[in-house]
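S.K.: have a look at this fold, sequence not included:
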């Protein structure tokens, strides 16, 4: 995994989202300390997520995460075999959905989030999550992975009923803004 490339992506992100500079700086500081992609790092690690929307930009595919018992975007840990942050996000999305129609809307980072993962056994650590915007065919059959209780296309207007966390709702706002700006 190329730390320099991820830092460049974060620099671009910080220009696009100036109001998130503090979070960007925390992630950059964590990367500069080294060992940031190792999922066994006890402090935390960089993770890669995919916020997947349908072609009409009306729905998002969420997983009801088994360990966390929350509706979330698809994503997770970076593997040693991943050659890029893009491959990590796409691999995670595919592993958790089996969708073949997955593709990037943009190769820019779509969103970031830093959150503490509290597991019952006390192995708490931080996820420094880099989120990418992907799209997929809502009519393609998906498979629920063993990491999930359920997988479901959810209308963006009802996202807060599944997960009212600001981190999720911020992504919905960005979707609206992204496609209004581009007139797509």
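M.R.: That came through, no problem. Just so we're clear, the structure is a prediction, and the values are computed from it rather than from any experiment.
S.K.: ok, now which ones touch residue 155?
M.R.: Contacts for residue 155 were tallied using CB atoms under 8 Å, 6 or more residues apart in numbering; they are 58-59. Quick note: C-beta positions are derived from backbone N, CA and C, even for glycine.
S.K.: what's the answer for residue 65, then?
M.R.: Taking CB under 8 Å, 6+ apart as the contact definition, residue 65 lies against 71-72, 147-149.
S.K.: and it, how far from residue 99?
M.R.: In this structure, residue 65 and residue 99 are separated by 17 Å, where distance is defined by CB to CB, to the nearest Å.
S.K.: by neighbour count, which of the contacts of residue 65 wins?
M.R.: Comparing the contacts of residue 65 by number of neighbours (other CB atoms under 10 Å), residue 71 comes first, having 22 neighbours.
S.K.: can you tell me the SS state at that one?
M.R.: Three-state assignment for residue 71 (DSSP: H, G, I helix; E, B strand; the rest coil): strand.
S.K.: any idea how many residues pack against the nearest residue to it once chain neighbours are set aside?
M.R.: In space, not counting the residues next to it along the chain, residue 71 is nearest to residue 162; the distance is 4.0 Å by CB to CB, 6 or more residues apart in numbering. Counted with other CB under 10 Å, the burial measure for residue 162 works out to 17 neighbours.
S.K.: ok, residue 162 to residue 52 distance?
M.R.: With distances taken as CB to CB, residue 162 is found 14 Å from residue 52.
S.K.: for residue 36, same thing?
M.R.: Per CB to CB, residue 36 is found 25 Å from residue 52.
S.K.: which parts of the protein are strands?
M.R.: For the chain, the strands defined by DSSP state E cover 44-54, 59-65, 70-72, 74-77, 103-104, 111-117, 125-136, 148-155.
S.K.: what lines up beside the shortest one in the sheet?
M.R.: Using DSSP bridges, the strands paired with strand 103-104 in its sheet are strand 125-136 (antiparallel).
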